[in-house]
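In: sequence and predicted structure are below.
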Amino acid sequence: MSGKIKNLSLSVCSFKMGKYAQLVLGPAGCGKSTYCNIMYEHLLASRRTSHVINLDPGAEEFKYPATVNVRDYIKVEDVMESMKLGPNGSLVYCLEYLLQDVSWLLDQISDFDDDYLIIDLPGQIELYTHMDLIRQFTELLQTRLNYHVCCLYLIDSHFIVDSSHFISGSLSALSAMVRLETPHINILTKCDLLDGSKGLDLFLEMDITSLIAMNSQEGAGSTSPALQEYQKKKQKLNAAVGELLDNFSLVRFLPLDRRDEDSIDRILLEIDNATQYGEDEEPKEPDDDID
């Protein structure tokens, strides 16, 4: 009797986790592959069983150990040769082909019952902002496989050099967020490669007043009347969009510094909060019944 009670106690303390997935988005060269490797190693150190999945049929090299690689199924260069399409058209064709018959994809990931997925997606932003392919894949994960999904939109911090670039990147991130309709987190990557963090807080804190002031100074040295008129119109548009983002708190960014464990911990905490990680834990059924 006491042995069975002991077994029951151990069984009840052993929990069954839900399914969770990160979808890593962002333009080419923003550091998606590096992020996937950083997060994989961080989850490994945190004793979470995770798998990185490459869904970019054009990516020949990546920094992480890919459990699933879409290039084992279809490759961009093969489509370019057989269909006589360009790189972007071939990429779209590959994803359409993959999602028209999802049996291969389901076969690859259906056995990951309680494992954490990190999914590396292509860098063509039109896939997130203008087309439904990534949304279809997201819905497949959520509705058919019951995953809690969080989308991460990555932007290279070196791209955020002035208010115009920052607002452009913010709108791209917002477009992906609205299009995909999932929990969404924006990340500034490669912060460890910046020459100090001077000026970065301005963008992380969304200091719109300072951004508008910076915006009004851009192009101020131009001597061409036509260019000056263009700069005034651009500054007015940027100021209006910046105020819109600020008034409704639509976009904010988290910094990623691979040298700083705290920055990685903070990002994972935000993802866990967005996906409600661990809140649907259920005790496993005991192996033995109590007499």
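Out: That came in fine, so what should we check first?
In: quick one: buried residues of stretch 19-31?
Out: Going by neighbour count (16 or more other C-beta atoms under 10 Å), the buried part of stretch 19-31 is 19-27, 30-31. To be clear about C-beta, it is placed using only N, CA and C from the backbone, and glycine gets the same treatment.
In: oh sorry, the question was meant for stretch 172-192
Out: Applying 16+ other C-beta under 10 Å to stretch 172-192 flags 172-174, 176-177, 179-180, 182-191 as buried.
In: and the helix or strand containing S90, which residues are buried?
Out: Per DSSP states H and E, S90 falls inside helix 87-100. Residues of helix 87-100 classed as buried by neighbour count (16+ other C-beta under 10 Å): 90-95, 98.
In: check which element follows the helix ranked longest in the chain along the chain.
Out: When the chain is parsed with DSSP state H, its longest helix is helix 225-247. Next in sequence after helix 225-247, counting helices and strands by DSSP H and E, comes strand 253-255.
In: please verify my assumption that P27 contacts I125.
Out: Yes: using C-beta atoms under 8 Å, P27 is in contact with I125, at 5.2 Å.
In: tell me, what's touching those two both at once?
Out: Taking C-beta atoms under 8 Å, 6 or more residues apart in numbering as the contact rule, P27 and I125 both touch S172.
In: which stretches of this structure form strands?
Out: 15-16, 19-25, 50-54, 66-69, 116-120, 147-156, 184-189, 253-255, 282-283 (DSSP state E).
In: select from those strands the stretch with the lowest mean pLDDT.
Out: Lowest mean pLDDT within those: strand 15-16, at a mean of 46.
In: remind me which residues of the stretch 101-250 of the chain are low pLDDT?
Out: 161, 195-199, 202, 206-209, 211-212, 214-223 (pLDDT under 70).
In: the buried residues of stretch 19-31: which two are farthest apart?
Out: The distance between the two most remote of the buried residues of stretch 19-31 (C-beta to C-beta) is 28.0 Å, for K19 and P27.
In: chain center to stretch 175-183: distance?
Out: Relative to its chain's centre, stretch 175-183 lies at 11 Å (C-alpha atoms, centre = their mean, to the nearest Å).
In: keeping just the C-alphas, turn that stretch into PDB.
Out: Provided in PDB are the C-alpha atoms of stretch 175-183 (Å, rounded to 0.1, in the frame of the first residue of the first chain):
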ATOM      1  CA  SER A 175       2.500  44.700 -40.600                       C
ATOM      2  CA  ALA A 176       3.700  41.200 -39.700                       C
ATOM      3  CA  MET A 177       2.000  41.400 -36.300                       C
ATOM      4  CA  VAL A 178      -1.400  42.400 -37.800                       C
ATOM      5  CA  ARG A 179      -1.100  39.900 -40.600                       C
ATOM      6  CA  LEU A 180      -0.300  36.900 -38.500                       C
ATOM      7  CA  GLU A 181      -2.600  37.600 -35.500                       C
ATOM      8  CA  THR A 182      -0.500  35.800 -32.900                       C
ATOM      9  CA  PRO A 183       1.400  36.800 -29.800                       C
END
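In: pull the residues that contact that stretch.
Out: Contact with stretch 175-183 is made by 23, 25, 125, 128-129, 134-135, 138, 142, 149-151, 153, 184, 251, 274-275, as judged by C-beta under 8 Å, 6+ apart.
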